[in-house]
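In: sequence and predicted model, in that order:
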Amino acid sequence: MTDVENKSVIDILRKRNKDVVIDYLSKLQVIDKIELVAMDMWIPYKSAVNSVIPHDKIIIDKFHVVKLTNEALEGIRKANRQNVSAKDRRQLMRDRYVLLKRRKTLMTLTTK
């Protein structure tokens with residue numbers, strides 16, 4: 001458990017199952033001060049939060065969103081590479097790294 005706003009660890013739970021999370025959240029003395037809950041996309045976490053603090057907003061953490069986006073992009077890239085000739089495939093050999101670059105970096109590369 002972390003305090004994202006203050007960038008600090010609050011506690012580490014002994015297990016990561018739904019019942020342990022519900023038990024932990026139920027015992028929090030500052031539960032009324034919680035406004036947002038950032039978490040990964042594991043359904044038991046969402047269910048635990050909804051059962052204890054149902055009116056708080058849940059935000060999916062950036063790491064998991066970026067990870068799933070990159071995995072989807074990689075799948076599309078691989079599927080599209082199968083439709084090109086061997087010559088074009090060689091030219092696209094490092095296309096994965098181009099797709100993972102940030103827009104700002106790409107703009108710098110194209111203006112040089």
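Out: Alright, I've got the coordinates.

In: report the central residue of the protein.
Out: Centroid-nearest residue in the chain: residue 64, 1.6 Å away (criterion: C-alpha atoms, centre = their mean).

In: list the contacts of that residue.
Out: Contacts for residue 64 (C-beta atoms under 8 Å, 6 or more residues apart in numbering) come out as 40, 41. Where you see a C-beta, it was placed from the backbone N, CA and C, and this is true even at glycine.

In: and the strands in the chain?
Out: Ranges of strands within the chain are 2-3, 8-9, 36-39, 57-60, based on DSSP state E.

In: which other helices and strands contact the second one?
Out: Going back to what we said before, that points to strand 8-9. If you count contacts as 3 or more C-beta pairs under 8 Å, 6 or more residues apart in numbering; DSSP states H and E, strand 8-9 packs onto strand 2-3.

In: give me the longest helix you can find in the chain.
Out: helix 62-81 (DSSP state H).

In: please parse the protein into its domains.
Out: Domain assignment for the chain by automatic domain parsing gives 2-60, 64-110.

In: which one of the ones you listed is the most hemmed in?
Out: domain 2-60 (a mean of 12; mean count of other C-beta atoms under 10 Å).

In: can you put the strands of the chain in TSV and add distance to residue 99 and mean pLDDT?
Out: Shown next, in TSV, are those (distance: least, C-beta to C-beta, whole Å; pLDDT from 0 to 100):
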stretch	distance to residue 99	mean pLDDT
strand 2-3	31	86
strand 8-9	34	94
strand 36-39	27	90
strand 57-60	22	92
